[in-house]
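S.K.: give me the fold of what follows.
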Amino acid sequence: MVKLCCRCSFWLALLTLIVTSSTTVSSAFQPLRIILNPPASFCPPEVQLECCPLIGGPPFLPLHVQVVILVKDFTATTTTTTTTTTTTTAANQIKYKFDFIPRQATEPATLFRLLLLQEVSGNLRCLASSLSSKTPVLSPNNAALAERARIFTMQYQDNYPNLHLIKNNCWTFAWRLLQHLNDTEKDD
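M.R.: Residues are numbered from 1 along each chain as shown. As a prediction, the model looks like this:
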């Protein structure tokens with residue numbers, strides 16, 4: 001049996017995840033984005049990986065990865081007329097994106113340090129945006145999943161504050177977040 005080092009096994013697992021996932025490619029008129037749906041056996045179906053261009057990079061080269069969690073948020077509204085009261089529940093959809101970027105991503109000094117394989121100060125982001133009701137969300141409420149990802153992201157920032165192109169980058173963060181979400185799903 002062949003024994004792989006930790007770094008080799010990480011890249012092999014990531015490559016396997018990419019190859020076994022289903023993919024969607026966006027329109028050619030916008031920056032190229034590729035959506036990867038990891039296998040359902042590995043993480044919840046509401047979790048996706050979105051590959052997009054680097055900040056300040058060419059729009060046709062999606063090298064950066066974000067972990068995306070789709071959440072359905074139920075909002076109740078009440079309408080009262082003189083004779084009847086109607087309560088409707090609408091489902092707003094929120095898309096949470098988690099990623100790891102250099103703090104000063106477009107600064108020449110940052111790019112130079114990264115190309116020389118030196119560490120730079122990193123910034124972990126949690127971005128939230130509303131979606132149209134046409135986008136499918138697979139489970140009734142994934143807010144707990146998004147909250148676990150947010151807490152993990154805050155802890156990751158404390159434990160791994162620096163970004164490095166090989167040792168600690170957006171892909172290693174995404175892989176560790178997926179592993180964390182998979183482990184917590186098994187514990188529930």
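S.K.: next structured bit after the lowest-mean-pLDDT helix or strand in the chain?
M.R.: In the chain, the helix or strand scored least confidently by mean pLDDT, DSSP states H and E is strand 22-25, which has a mean of 49. Using DSSP states H and E, the helix or strand that follows strand 22-25 in sequence is strand 34-37.
S.K.: so, low pLDDT: which residues of this protein?
M.R.: Where the chain drops to pLDDT under 70, the residues are 1-29, 73-92, 131-142, 184-188.
S.K.: all helices for it, in order.
M.R.: In the chain, the segments counted as helices under DSSP state H are 6-20, 108-115, 143-159, 170-187.
S.K.: who's in contact with the last one?
M.R.: Put plainly, it is helix 170-187. With contact meaning C-beta atoms under 8 Å, 6 or more residues apart in numbering, helix 170-187 is reached by 10, 13-14, 17, 38, 42-44, 47, 49, 64-67, 98-101, 124, 145, 148-149, 152-153, 156, 160, 163. Placement of C-beta: from N, CA and C, glycine included.
S.K.: drop anything exposed from the residues you listed.
M.R.: With burial judged by 16 or more other C-beta atoms under 10 Å, the buried subset of those is 14, 17, 38, 42-44, 47, 49, 64-67, 98-101, 124, 145, 148-149, 152-153, 156, 160, 163.
S.K.: ok, now which ones touch the residue nearest to Pro31 when sequence neighbours are not counted?
M.R.: By the measure of C-beta to C-beta, 6 or more residues apart in numbering, the closest residue to Pro31 outside its immediate chain neighbours is Pro59, 3.7 Å from it. Pro59 makes contact with 30-32, 53, according to C-beta under 8 Å, 6+ apart.
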